[in-house]
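Peer 1: this is a predicted model, with the sequence first.
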Amino acid sequence: MIKEEITAGLRQAIERGYSLEQAKQSFINAGYNSRDIEDSASSLGGLLTSIPEIAYSQKQEEKQNPSIQTQPQQIPQINIQTQQLPQFPPPKKSKLKIIIIILVVILLILIAGFISSLLFKDKIIEFLKGIFSSA
């Protein structure tokens, strides 16, 4: 919807004799998104090749009929009210740090348990045999 408005506005400005850059700058000054403006300008590809012919023919008419005085029309400036988005506090990094520390500690405990079970497997097996044989 907005891109269609921009495209129509750019087309009208070009047809009135303004350059594409002047028309784009007018929309930028009015507060439109520059990406939307660029997209709309690129969609005018075929129109840009025919505009110089239109402008040339209008200037020729003015030369032939000096009584016809055309004044360039100004591109309307559109004032857009922008809404302020609510400001949310940044996420707390301290919670994230605490979670990472806890996970690292758990990982170290598991690695230590695994290594100790490999080193002391014989003693662990004897200990478990003693528990289950007396029961």
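Peer 2: Cool, got the structure.
Peer 1: how near is residue 21 to residue 2?
Peer 2: Going from residue 21 to residue 2 by Cβ to Cβ, to the nearest Å gives 20 Å. Where you see a C-beta, it was placed from the backbone N, CA and C, and this is true even at glycine.
Peer 1: higher neighbour count, those two?
Peer 2: residue 2 (12 against 9; other Cβ atoms under 10 Å).
Peer 1: the more buried one - nearest residue in space that isn't next to it in sequence?
Peer 2: Leaving aside its sequence neighbours, residue 2 sits nearest to residue 36 (Cβ to Cβ, 6 or more residues apart in numbering; 5.9 Å).
Peer 1: give me the number of residues near the one you found?
Peer 2: For residue 36, using other Cβ under 10 Å, the count is 15.
Peer 1: that one sits in which helix or strand?
Peer 2: helix 34-42 (DSSP states H and E).
Peer 1: pLDDT of that helix, averaged?
Peer 2: Averaging pLDDT along helix 34-42 yields 84.
Peer 1: tell me the buried residues in that helix?
Peer 2: 37, 40, 41 (16 or more other Cβ atoms under 10 Å).
Peer 1: what's the helix or strand hosting residue 108 packed up against?
Peer 2: Using DSSP H and E, residue 108 sits in helix 93-119. Packed against helix 93-119, as judged by 3 or more Cβ pairs under 8 Å, 6 or more residues apart in numbering; DSSP states H and E, are no other helices or strands.
Peer 1: following element in sequence after it, please.
Peer 2: Following helix 93-119 in sequence order, the next helix or strand is helix 121-134 (DSSP H and E).
Peer 1: from the rest of the structure, what touches that following helix?
Peer 2: Contacts to helix 121-134, defined as Cβ atoms under 8 Å, 6 or more residues apart in numbering, come from residues residue 117.
Peer 1: okay, angle between it and helix 93-119 too, please.
Peer 2: Here helix 121-134 points in a direction 80 degrees away from that of helix 93-119 (axes from the mean of the first three to the mean of the last three Cα atoms, to 10 degrees).
Peer 1: so for helix 121-134, mean pLDDT?
Peer 2: Mean per-residue pLDDT for helix 121-134: 88.
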